[in-house]
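**Student:** This is a predicted model, with the sequence first.
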Amino acid sequence: MVEFFDAVFLARVQFAFTISFHIIFPAFSIGLASYLAVLEGLWLWTGREIYLQIFRYWIKIFAVVFGMGVVSGIVMSYQFGTNWSVFSDKTGPILGPLMGYEVLSAFFLEAGFLGVMLFGMNKVGKRLHFFATLMVAVGTLFSAFWILSVNSWMQTPAGYGINDVGQFIPVDWFAAVFNPSFPYRLVHMVLAAYLTTAFVVGGVSAWHLYRDSDNQPARIMFSMAMWMAVIVAPIQIVAGDFHGLNTLEHQPAKIAAMEGHFETRKGAPLILFGIPSMEDEKVHYALEIPKLGSLILTHDLDGQIKGLKEWAKEDRPNVPIIFWSFRIMVGLGFLMVALGAWSLLRRVQGKLYDTPWMFRIAIIMGPTGFIALLAGWITTEVGRQPYTVYGLLRTVDSASPIDAPAVAISLLAFIVVYFTVFGVGLVYILRLMKRAPDSEVSETITEMPIRAAGMTPVAVLAPTSIQNTDNEE
């Protein structure tokens, strides 16, 4: 039974709370930075001002999202010292350098070129500005590389030794960085970031098309978003299958919890839905498809799947949480594929912009990338329990010697501050998205909004400006 006023439990809740806020911003930044690079590249290649107009629309949103991601990330890092000092001490010789490489190769690259990207087009020239945009996009991908390497090492540790004081030390850096689960998790995460961005762009453009189906920038945005759904969503399902096979090899208890298997079985069914019970060690009211579970996981109808009873109860992850978070992630993934297929059909019929019901569904689907992303991380992180370093360092042995009231007070402070600050930020972003992408006065192809009519760099990020010609009712 969980002790709700236990210091370790409260520290886990605090970390889960802060990372849930943090992860959505870097994921959105990764996809949006690449999208901006594509838009600016299309503008330079075709000379069509409409791509620059769309670029200007999303770069303001990107600036806010990037800033919120940086702020929320800094807060998270302090928790390693306050709530998880034992974990920091034992894993520091490996995880410390890896996170340092993320700062050196990713954050410095992003920070170095971000100012040029936001404010420097008519200062440095079009091509150099495009290079800055590319460097910011590459920086976000480098950041994902190192952070996923760190987290993957915790899931599938490799290339390490243990010294006399119980610290993990590097023996083979290549094996540590490119640990067994890292390639699968990196691909899965980057694709998730691109899908998240695609469905946000699709939802925003669908909102404006629903109000004005002749809005040309919104048409281009919606078309690009739906192409991403058509192409990337099926690839993500395939990548998820490979990731699942890797997890079955290295973390079979996590797979057993995800699938709801308590008994070891050959020809295991796929449990679609049910109510898992860790006390009864079964899934009540299970809706099953015979042998499909073994076929998916082993590619053999009679393949054997280990059940959770193969592990001691104290070594099992929380089954109900993982069981449902996994189904939320997979279910939303198939909905993304379905919307992409629908858009492809309407595109072939020449009616992509003449389907109000598709616009309604796309609006509803706008935030589903974030929901799927959070569900996936819950599956991954809760499935690693009861370990911080899988099979080697237990969570209860990783926490700081700190009293529960101290953790509870800081948790309450985080909740109040986060909902206030990020609530305001979210409202700000939604206000920017609410403005139609053609609501700004058209400019010459070489101008950016910050210099038009004497605007300052601060004004370009304001929700309204002298350029706003929004005539919404």
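**Tutor:** Looks like it came in fine. Numbering: from 1, shown residues only.
**Student:** ok, and what's touching stretch 137-147?
**Tutor:** 26, 29-30, 33-34, 36-37, 98-99, 101-102, 105-107, 109-110, 113, 186, 189-190, 193 (Cβ atoms under 8 Å, 6 or more residues apart in numbering). Bear in mind the C-beta positions are built from the backbone N, C-alpha and C, glycine included.
**Student:** ok, residues contacting stretch 359-370?
**Tutor:** Outside stretch 359-370, the residues within contact range by Cβ under 8 Å, 6+ apart are 24, 27-28, 192, 195-200, 202-207, 209-210, 222, 225, 332, 335-336, 339, 342.
**Student:** ok so, going back, of the contacts of stretch 137-147, which belong to helices?
**Tutor:** With DSSP state H as the criterion, helices contain 26, 29-30, 33-34, 36-37, 98-99, 101-102, 109-110, 113, 186, 189-190, 193 from among these.
**Student:** Can you tell me the SS state at the residue lying closest to Leu98 once chain neighbours are set aside?
**Tutor:** In space, Leu98 comes closest to Val150 once its chain neighbours are excluded; the distance is 4.9 Å by Cβ to Cβ, 6 or more residues apart in numbering. The three-state assignment at Val150 reads helix, by DSSP: H, G, I helix; E, B strand; the rest coil.
**Student:** measure Val150 to Leu373 for me?
**Tutor:** Look at Val150 and Leu373: by Cβ to Cβ, to the nearest Å, they are 18 Å apart.
**Student:** where does this structure have low pLDDT?
**Tutor:** Across the chain, residues meeting the criterion (pLDDT under 70) sit at 1-4, 439-473.
**Student:** neighbours around Ile275, how many?
**Tutor:** 14 (other Cβ atoms under 10 Å).
**Student:** does it belong to a helix or a strand, and which?
**Tutor:** strand 270-277 (DSSP states H and E).
**Student:** Tell me how far that strand lies from the chain's centre.
**Tutor:** Mean-position distance between strand 270-277 and its chain equals 26 Å (Cα atoms, centre = their mean, to the nearest Å).
**Student:** Work out the sheet partners of it and label each with its direction, please.
**Tutor:** Paired with strand 270-277 in the same sheet, following DSSP bridges, are strand 282-289 (antiparallel).
**Student:** Please enumerate the strands of the stretch 201-350 of the chain.
**Tutor:** For the stretch 201-350 of the chain, applying DSSP state E, counting those that start in this stretch gives strands covering 265-266, 270-277, 282-289, 304-305.
**Student:** So which of these is the most surrounded?
**Tutor:** strand 304-305 (a mean of 18; mean count of other Cβ atoms under 10 Å).
**Student:** which helices and strands sit right next to that one?
**Tutor:** With contacts taken as 3 or more Cβ pairs under 8 Å, 6 or more residues apart in numbering; DSSP states H and E, strand 304-305 sits against helix 252-259, strand 265-266, helix 292-298.
**Student:** May I have the first one exported as CSV, CA atoms only?
**Tutor:** Backbone C-alpha positions of helix 252-259 (Å, rounded to 0.1, in the frame of the first residue of the first chain) are rendered in CSV as follows:
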residue,chain,number,x,y,z
PRO,A,252,10.1,-7.9,-19.7
ALA,A,253,8.3,-7.0,-16.5
LYS,A,254,7.4,-3.6,-18.0
ILE,A,255,5.9,-5.4,-21.1
ALA,A,256,4.0,-7.8,-18.8
ALA,A,257,2.5,-4.8,-17.0
MET,A,258,1.7,-2.9,-20.2
GLU,A,259,-0.1,-6.0,-21.6
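**Student:** Run through who's touching that helix.
**Tutor:** For helix 252-259, contacts defined as Cβ under 8 Å, 6+ apart pick out 244, 247-248, 262, 268, 270-271, 293, 297, 305-308, 310-311, 315-319, 322-323, 326, 379, 383-384.
**Student:** same thing with the shortest one?
**Tutor:** For strand 265-266, contacts defined as Cβ under 8 Å, 6+ apart pick out Ser294, Asp302, Gly303, Gln304, Ile305, Gly307.
**Student:** what about it, distance to the chain center?
**Tutor:** Computed by Cα atoms, centre = their mean, the chain-centroid distance of strand 265-266 equals 34 Å.
**Student:** How about stretch 419-437?
**Tutor:** Its chain's C-alpha centre lies 19 Å from the corresponding centre of stretch 419-437 when counted by Cα atoms, centre = their mean.
**Student:** What are the buried residues along that stretch?
**Tutor:** Buried residues in stretch 419-437, counted by 16 or more other Cβ atoms under 10 Å: Phe422, Gly425, Tyr428, Ile429, Leu432, Met433, Arg435, Ala436, Pro437.
**Student:** What is the nearest of those residues to Met68?
**Tutor:** Met68 has its nearest neighbour among the buried residues of stretch 419-437 in Gly425, at 5.1 Å by Cβ to Cβ.
**Student:** wait, isn't that closest one in contact with Val64?
**Tutor:** Yes - contact criterion Cβ atoms under 8 Å: Gly425 and Val64 qualify, at 6.4 Å.
**Student:** count of residues packed around Val232?
**Tutor:** When neighbours are defined as other Cβ under 10 Å, Val232 has 21 of them.
**Student:** which element is Val200 on?
**Tutor:** When elements are assigned from DSSP H and E, Val200 belongs to helix 182-211.
**Student:** partner residues bridging Ser277?
**Tutor:** So, taking DSSP bridges as the rule, Ser277 has Lys282 as bridge partners.
**Student:** who's in contact with it?
**Tutor:** Applying Cβ under 8 Å, 6+ apart, the residues contacting Ser277 are Val283, His284, Pro320.
**Student:** In this structure the last one contacts Asp280, no?
**Tutor:** No - with contact defined as Cβ under 8 Å, Pro320 does not reach Asp280; the gap is 11.7 Å.
**Student:** on that earlier part again, export the contacts of Ser277 to CSV and append columns for distance to Val238.
**Tutor:** Formatted as CSV, these follow (distance: Cβ to Cβ, whole Å):
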residue, distance to Val238
Val283, 27
His284, 32
Pro320, 28
